[in-house]
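Peer 1: With the sequence up front, the predicted model follows.
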Amino acid sequence: KAQTNNMSAWVIGHWLSPKLLNEPETLTAIGGKLNSGFVAEYKVMNSKVKAEITLGSQDKYLQVKLNIDWREFSEGNDYIPFLTYTIPVKNTTGRMLCDVPAGVVWREDGELDTPCQRYMAAELQNTRVLALASDSKYGFRLSRGELSVSLINSSKEPDLYPERGVH
């Protein structure tokens, strides 16, 4: 959930009462020795989220594919239904490396979304980074020990019923 004042399809405000996903309704193992993982299905408010998480034997990163059937809307609510993918991060320096047109730029962490082309990486105190990448989402944030990408914003301006359906 996110605040309602000053929010629109283009402006993401402060988050209100974030809630973590509970235990999945179903959990199924997939793959084999070379590419293993699982599929987890969740209920989120009135919506459904299906997450396929895999790690191939030659992969250097964990791959997460989401299929979301979003049934939320803002009309009549005192909040904006808002969905993010978040990774907890320990020992950050408070700086994030952002992929921007024509290169990268270091920015300070903060409570608002930061536009990035494909990824944002949290700088860790041991001189390493932890990156979160997306093939189609551009709003990232590093805040309070969490690295996040905004997935769905059900604002009511300019469209009263945006983002509904399968993503």
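Peer 2: Perfect, thanks for sending it.

Peer 1: hey, let's count contacts and neighbours off CA atoms from now on
Peer 2: Noted.

Peer 1: Could you report the distance from the closest residue to residue 150 other than its chain neighbours to residue 101?
Peer 2: Distances taken as C-alpha to C-alpha, 6 or more residues apart in numbering put residue 84 closest to residue 150, at 4.5 Å, once the chain neighbours are dropped. Between residue 84 and residue 101 the distance is 23 Å, computed by C-alpha to C-alpha, to the nearest Å.

Peer 1: neighbour count winner among these two?
Peer 2: residue 84 (16 against 9; other C-alpha atoms under 10 Å).

Peer 1: Let me see the contact set for the residue of the chain positioned farthest from its centre.
Peer 2: Distance from the C-alpha centroid of the chain peaks at residue 33, with 28.6 Å (C-alpha atoms, centre = their mean). Residue 33 makes contact with residue 57 under the criterion C-alpha atoms under 8 Å, 6 or more residues apart in numbering.

Peer 1: And the pLDDT at residue 5?
Peer 2: As predicted, residue 5 sits at a pLDDT of 56.

Peer 1: re the thing from before, dihedrals phi and psi, the residue farthest from the centre of the chain?
Peer 2: With angles defined as degrees, to the nearest 10, residue 33 sits at phi -70, psi -30.

Peer 1: do the same with residue 74
Peer 2: The phi and psi values for residue 74, taken as degrees, to the nearest 10, are phi -90, psi -30.

Peer 1: Excluding sequence neighbours, find me the nearest residue to it.
Peer 2: Distance criterion C-alpha to C-alpha, 6+ apart; nearest residue to residue 74, sequence neighbours excluded, is residue 80 at 5.3 Å.

Peer 1: pretty sure the one you found contacts residue 152?
Peer 2: No. Residue 80 lies out of contact with residue 152 (C-alpha atoms under 8 Å); the separation is 10.3 Å.

Peer 1: So between these two, which is more surrounded?
Peer 2: More neighbours surround residue 80 than the other of residue 80 and residue 152, with 26 against 20 (other C-alpha under 10 Å).

Peer 1: Next one: that one from residue 159, what distance?
Peer 2: The gap separating residue 80 from residue 159 is 13 Å, by C-alpha to C-alpha.

Peer 1: Just the element for the residue nearest to residue 150, please.
Peer 2: strand 82-88 (DSSP states H and E).

Peer 1: just residue 22 next, same as before
Peer 2: Under the criterion of DSSP H and E, residue 22 resides outside all helices and strands.

Peer 1: That one - how many residues pack around it?
Peer 2: Residue 22: 9 neighbours (other C-alpha under 10 Å).
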